[in-house]
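fold the stuff below for me.
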Amino acid sequence: MAHKFIKTEAKEHRLDITIDNPPVNIMTGAVMLELIEVLNDAQNNSDFRVIVFKGEGKAWSAGADVGEHLPENFEQMLDVFGELCEMIRTFPVPTIAAVGGVCLGGGCEVAGMCDFIVASGRAKFGQPEIKVGVFPPVALAHFVNKLGYSSALELILSGDIFTAEDSCRMGLVSKLSTENSLDEDVDTLANRFIHNSRSVMELSKSAALLSLAHTPKESARLIDEMYRYKLMETEDAVEGLTAFLGKRAPEWKDK
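Numbers count the residues shown, from 1 in each chain. The predicted structure follows:
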């Protein structure tokens with residue numbers, strides 16, 4: 001299905017999703033709904049083992065539409081935005097944000113829901129909501145775990161704009177790149193995932209998310225159960241172990 005604000009490109013076991021809402025890829029409600037639709041389709045496509053998010057032009061995304069934060073619109077906007085962010089956070093396969101420009105406000109929150117952010121030196125990150133009298137709800141809910149308490153508060157309470165290097169120091173950015181090598185570095189990271197079993201990666205990511213929601217002791221119990229009663233019932237777990245013993249490459253069934 002054609003979209004107005006989103007472009008997609010399917011590659012080997014990979015889907016690239018590009019936000020294309022010039023001039024600075026504002027996350028309007030319409031953009032968010034298209035992203036949700038694209039992600040729903042991708043979630044049901046067992047061929048994809050990694051998702052890469054990009055921004056067309058000079059900005060990854062300069063944030064959500066300020067007009068949609070006003071009293072007559074904000075509840076609907078929050079519902080859609082929350083659905084999008086949770087979908088990305090819990091997406092069954094690895095997600096990468098390839099950021100080569102400004103990534104602010106709601107854009108920073110969406111990128112931060114990805115498993116990895118690869119950023120060029122030209123990238124800028126920030127949560128400037130505090131400067132207009134509001135706060136970023138998704139960042140407050142998740143960035144303390146992701147960045148640590150002090151770094152999350154520095155980002156959110158200052159409203160300042162941070163370089164890619166500083167954002168990497170804070171724990172928001174996973175890997176620093178350059179403007180000329182951003183695509184290459186994203187490809188290198190994505191290629192580390194595309195040759196693995198999708199079904200095993202799904203279970204592994206589910207286990208990682210469990211560890212964020214429970215105490216270490218409870219996480220260990222739940223993940224042990226997942227290993228025994230879900231992982232070891234997959235064809236790919238048996239195939240991977242058998243292939244290793246047979247000194248051959250595994251042939252994944254993704255189930």
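
hey, what's Glu9 bridged with?
Asp16 (DSSP bridges).

ranges for the helices of the stretch 101-250 of the chain?
Counting by DSSP state H, counting those that start in this stretch, the stretch 101-250 of the chain has helices at residues 106-112, 137-147, 149-158, 164-170, 182-191, 198-213, 216-229, 235-245.

quick one, the third one and helix 137-147 angle?
Regarding helix 149-158 and helix 137-147, their directions subtend 150 degrees when assessed with axes from the mean of the first three to the mean of the last three C-alpha atoms, to 10 degrees.

same check on the fifth one?
Relative orientation of helix 182-191 with respect to helix 137-147: 70 degrees, computed using the same axes, to 10 degrees.

what sits up against helix 182-191?
For helix 182-191, the surrounding residues in contact (C-beta atoms under 8 Å, 6 or more residues apart in numbering) are 14, 50, 52, 94, 96, 98, 100, 116, 118-120, 175, 177. (Each C-beta comes from the backbone N, C-alpha and C, glycine too.)

now that helix: buried residues?
Counting neighbours by 16 or more other C-beta atoms under 10 Å, one finds that the buried residues in helix 182-191 are 182-183, 185-187, 189-190.

okay if I get these as TSV plus distance to Ser199 and pLDDT?
TSV is the format used below for the buried residues of helix 182-191 (distance: C-beta to C-beta, whole Å; pLDDT from 0 to 100):
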residue	distance to Ser199	pLDDT
Leu182	30	96
Asp183	28	95
Asp185	27	97
Val186	24	97
Asp187	24	97
Leu189	21	97
Ala190	18	97
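
show me how this protein divides into domains.
The record's domain parsing of the chain by automatic domain parsing lists 6-191, 198-245.

in the stretch 1-150 of the chain, which spans are strands?
Listed in chain order, the strands of the stretch 1-150 of the chain (DSSP state E, counting those that start in this stretch) span 6-11, 14-19, 50-55, 59-61, 95-99, 102-104, 116-119, 124-126.

so for the last one, what's the average pLDDT?
Spelled out, that is strand 124-126. Strand 124-126 shows a mean pLDDT of 98.

against which helices or strands is it packed?
Counting contacts by 3 or more C-beta pairs under 8 Å, 6 or more residues apart in numbering; DSSP states H and E, strand 124-126 packs against strand 102-104, helix 106-112, strand 161-163, helix 164-170.

go again with 7 Å.
With contacts taken as 3 or more C-beta pairs under 7 Å, 6 or more residues apart in numbering; DSSP states H and E, strand 124-126 sits against strand 102-104, strand 161-163.

what's the closest of those to Ala208?
Proximity to Ala208 (C-beta to C-beta) singles out strand 102-104 among those, at 23.4 Å.

contacts for that closest one, please.
Here strand 102-104 makes contact (C-beta atoms under 7 Å, 6 or more residues apart in numbering) with 24, 59-63, 111, 123-126, 128.

a markdown table for those residues, including distance to Val200 and neighbour count?
Below are those laid out as a markdown table (distance: C-beta to C-beta, whole Å; neighbours: other C-beta atoms under 10 Å):
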| residue | distance to Val200 | neighbour count |
| --- | --- | --- |
| Val24 | 39 | 18 |
| Ala59 | 36 | 24 |
| Trp60 | 30 | 30 |
| Ser61 | 32 | 27 |
| Ala62 | 37 | 24 |
| Gly63 | 36 | 24 |
| Ala111 | 26 | 28 |
| Ala123 | 32 | 30 |
| Lys124 | 36 | 20 |
| Phe125 | 32 | 27 |
| Gly126 | 36 | 22 |
| Pro128 | 40 | 17 |
